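**Q** prediction below, plus the sequence it came from.
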Amino acid sequence: MSEHKISFYLNGNPVSATVESRIHAADFLRKQIGLTGTHIGCEQGVCGMCTIMLNGQAIKSCLLLAVQMNNCNIETVESLSDNDELNAVQKAFKKHHALQCGFCTPGFLMLATSLKITGQKFSREDIRSEISGTICRCTGYEGIINAIEDYLNSDNENSYSFSQ
């Protein structure tokens, strides 16, 4: 199997690594980098558990090869809190009890963060549509939708800012 050198920014920090051609970003982030907040579910792009941000856009990391991260800005769920302090989207999820087992939560948090970055206004129906690619097996989605709506409509100074 061939290997490639890649360089990118990960959660605001420069990273250089050698990766195999066929390893997907989710496995690379978990196994080689040690950031286990990116969860792996279906490995087919269906469940959304592995959602990260690539250059400010939500992407399912099981569908992204690690070599495709070269020269990109990658953000994982680990980038959200600052010194163990919850950020605005995490606080909204806590406030609205938008999680149960928590396995899907990183995917929802990263998706919500990418929506906030757009600066667009989202109705509840828009939010429901946007999250349709992320599966939660424990909740009825209402808490998640409430949390994301609260977060997107807040002008909280503790909102996420894309780093490099």
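**A** That came in fine, so what should we check first?

**Q** what helix or strand is the residue nearest to the spatial centre of the chain on?
**A** Most central in the chain under C-alpha atoms, centre = their mean is residue 110, positioned 2.8 Å from the mean C-alpha point. Secondary structure from DSSP states H and E places residue 110 in helix 105-118.

**Q** pull out the buried residues from that helix.
**A** Neighbour-count burial for helix 105-118, counted by 16 or more other C-beta atoms under 10 Å, picks out 105-117. C-beta: built from backbone N, CA, C; applies to glycine.

**Q** and the next helix or strand after it, what other elements does it pack with?
**A** Once the chain leaves helix 105-118, the next helix or strand it forms, by DSSP H and E, is helix 124-130. With contacts taken as 3 or more C-beta pairs under 8 Å, 6 or more residues apart in numbering; DSSP states H and E, helix 124-130 sits against helix 105-118, helix 142-153.

**Q** any chance of the ones you listed in TSV, plus distance to residue 78 and mean pLDDT?
**A** Output for these, formatted as TSV (distance: least, C-beta to C-beta, whole Å; pLDDT from 0 to 100):
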stretch	distance to residue 78	mean pLDDT
helix 105-118	9	97
helix 142-153	18	96
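
**Q** what's the closest of these to residue 38?
**A** Proximity to residue 38, assessed across those by C-beta to C-beta, is greatest for helix 105-118 (6.4 Å).

**Q** can you give me phi and psi for residue 4?
**A** Note on residue 4: its backbone torsions stand at phi -130, psi 140 [degrees, to the nearest 10].
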